[in-house]
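Engineer: Can you look at this prediction? I've put the sequence above it.
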Amino acid sequence: MCMTNRFYCLLACLLCAVSSRAQGEREYLQQKSGAYTYAYRVDEHSREYRLTSAEAAAFDKSFAALEAVLRRHPVLVAPKGFDVRFKARPLFAFEHDKHPYNYGIAGEAVIEFQEWFRYGGAVQKQQLEPPSLLVDINALGATIANEANRFEGDGYDDALHAAARRLNEFFGAPRLVAELDTGVHLYANNIIVVAKPGRPYWIPVTVQQYFDALFRYYELRLRKAPAESGVLELIRNEYAAIPPAERSGPAFGATESISGITASANEFPIMTFNPGYFDRKLPRTAIQLLTLRDHSTLGLSEPDPEIGGDGPAPKAIRTLLRTLDTGALRRLLR
């Protein structure tokens with residue numbers, strides 16, 4: 001009797017565990033037809049542009065033209081397993097006006113893929129931080145991800161803050177994966193850049209330029225952190241060891257050095273944004289540069305995993321980016 005009761009108790013516990021597990025797993029509704037919405041708004045993040053009503057309307061048309069190109073893709077024409085929410089706006093990024101390479105009105109579009117799933121017996125939609133595709137207009141800073149320097153500024157010291165900002169305009173060029181079309185490039189950081197052919201958006205930084213910026217930064221920083229004088233001395237020694245004839249040549253990344261660079265050529269050239277990229281005779285609302293970014297850790301050139309717990313959205317984003325109408329995107333550029 002006692003053994004029988006134990007058996008049924010154990011069986012009941014196992015059934016509850018299986019039931020709880022089934023209820024706790026997310027079941028993606030891969031075949032559920034999804035909806036598509038597009039919204040453009042001008043909010044507080046564009047206040048610094050001081051847009052005229054005509055500019056706001058013109059930029060709305062620019063975004064509408066971009067949206068129309070992307071909307072034709074089969075992934076967005078008939079969404080399956082997710083709703084698509086295309087949210088666009090002009091965006092005045094932090095210190096946008098402090099960088100001489102910037103021009104015109106930059107814009108940001110977040111295309112959310114809000115997946116449908118069943119959880120705990122209820123049908124739900126992921127609206128909080130869903131898988132997303134980020135598209136930027138006229139934003140040179142969006143052509144890179146985490147490659148830029150991260151020198152610490154000081155909001156109470158304008159000179160030091162400007163010196164840090166200058167150094168943070170330098171970055172190691174991302175590895176080029178493929179040229180998808182004329183002026184359209186895919187990089188290893190999962191960013192696709194659509195740019196005007198023959199006009200580089202990045203230009204090399206010379207060894208002299210980099211060291212000049214480093215010297216300026218640390219000389220100002222020593223006023224507040226005298227203990228870092230040893231760092232500056234090491235940097236000066238590295239500079240002195242470089243033959244003068246090589247200082248006017250391009251800089252390359254070097255993790256083993258204190259300065260972070262070398263004059264010896266390698267696969268990691270140091271670049272900065274080209275202040276001559278934008279045609280400043282064009283209206284501020286003209287589209288001159290596009291970037292598209294997938295935040296997935298899986299490279300666009302890598303095959304999709306055969307097994308995994310991903311819902312339909314990540315694969316749909318990768319499919320869209322791998323089969324873009326690059327010709328239509330190029331025709332949007334002025």
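Structural biologist: Perfect, thanks for sending it. Numbers count the residues shown, from 1 in each chain.
Engineer: wait, isn't residue 257 in contact with residue 238?
Structural biologist: Yes: here residue 257 reaches residue 238: they are 5.9 Å apart, a contact under C-beta atoms under 8 Å. Using the backbone N, CA and C atoms, a C-beta is placed for each residue, glycine as well.
Engineer: More neighbours: which of those two?
Structural biologist: residue 238 (17 against 13; other C-beta atoms under 10 Å).
Engineer: Run through the residues that contact the more buried one.
Structural biologist: Residues counted as contacts of residue 238 (C-beta atoms under 8 Å, 6 or more residues apart in numbering) are 257-259.
Engineer: what's the following helix or strand after the worst-scoring helix or strand of the chain on mean pLDDT?
Structural biologist: Using mean pLDDT, DSSP states H and E, the weakest-scoring helix or strand in the chain turns out to be helix 2-24, at a mean of 47. For helix 2-24, the following helix or strand on the C-terminal side (DSSP states H and E) is strand 27-28.
Engineer: Direction included, what does that next one pair up with?
Structural biologist: Strand 27-28 has the following strand partners under DSSP bridges: strand 107-119 (antiparallel).
Engineer: What average pLDDT does the partner strand get?
Structural biologist: On average, the pLDDT along strand 107-119 is 96.
Engineer: what's the next secondary structure element after that strand?
Structural biologist: Defined by DSSP H and E, the subsequent element after strand 107-119 is strand 122-125.
Engineer: and that following strand, what does it pack onto?
Structural biologist: Counting contacts by 3 or more C-beta pairs under 8 Å, 6 or more residues apart in numbering; DSSP states H and E, strand 122-125 packs against strand 107-119.
Engineer: Show me which residues of the strand it packs on are buried.
Structural biologist: 107-109, 111-117 (16 or more other C-beta atoms under 10 Å).
Engineer: And stretch 35-42, by the same measure?
Structural biologist: Neighbour-count burial for stretch 35-42, counted by 16+ other C-beta under 10 Å, picks out 38, 40, 42.
Engineer: Is it possible to get CSV of these that adds distance to residue 212 and secondary structure?
Structural biologist: Shown next, in CSV, are the buried residues of stretch 35-42 (distance: C-beta to C-beta, whole Å; DSSP: H, G, I helix; E, B strand; the rest coil):
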residue, distance to residue 212, secondary structure
38, 47, strand
40, 43, strand
42, 40, coil
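Engineer: Looking at these, spot the one nearest residue 64.
Structural biologist: Taking C-beta to C-beta as the measure, residue 64 lies nearest residue 40 of these, at 7.2 Å.
Engineer: can you pull the contacts of the spatially closest residue to that closest one that is not a sequence neighbour?
Structural biologist: Excluding its sequence neighbours, the residue lying closest to residue 40 (C-beta to C-beta, 6 or more residues apart in numbering) is residue 88, at 4.6 Å. Residue 88 makes contacts with 38-41, 63, 66-67, 107-109, as judged by C-beta under 8 Å, 6+ apart.
Engineer: Residue 88 should be in a strand, yeah?
Structural biologist: Yes: in this structure, residue 88 lies within a strand as judged by DSSP: H, G, I helix; E, B strand; the rest coil.
Engineer: ok, it to residue 101 distance?
Structural biologist: Distance of residue 88 to residue 101, given as C-beta to C-beta, to the nearest Å: 23 Å.
Engineer: Also residue 187?
Structural biologist: In this view, residue 187 and residue 101 are 18 Å apart by C-beta to C-beta.
Engineer: now the helices for the stretch 51-200 of the chain?
Structural biologist: According to DSSP state H, counting those that start in this stretch, the stretch 51-200 of the chain carries its helices in the segments 53-71, 74-77, 158-167.
Engineer: Format those as TSV; extra columns: mean pLDDT.
Structural biologist: Output for those, formatted as TSV (pLDDT from 0 to 100):
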stretch	mean pLDDT
helix 53-71	95
helix 74-77	95
helix 158-167	95
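Engineer: Dump those to TSV, plus distance to residue 324.
Structural biologist: Formatted as TSV, those follow (distance: least, C-beta to C-beta, whole Å):
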stretch	distance to residue 324
helix 53-71	8
helix 74-77	11
helix 158-167	33
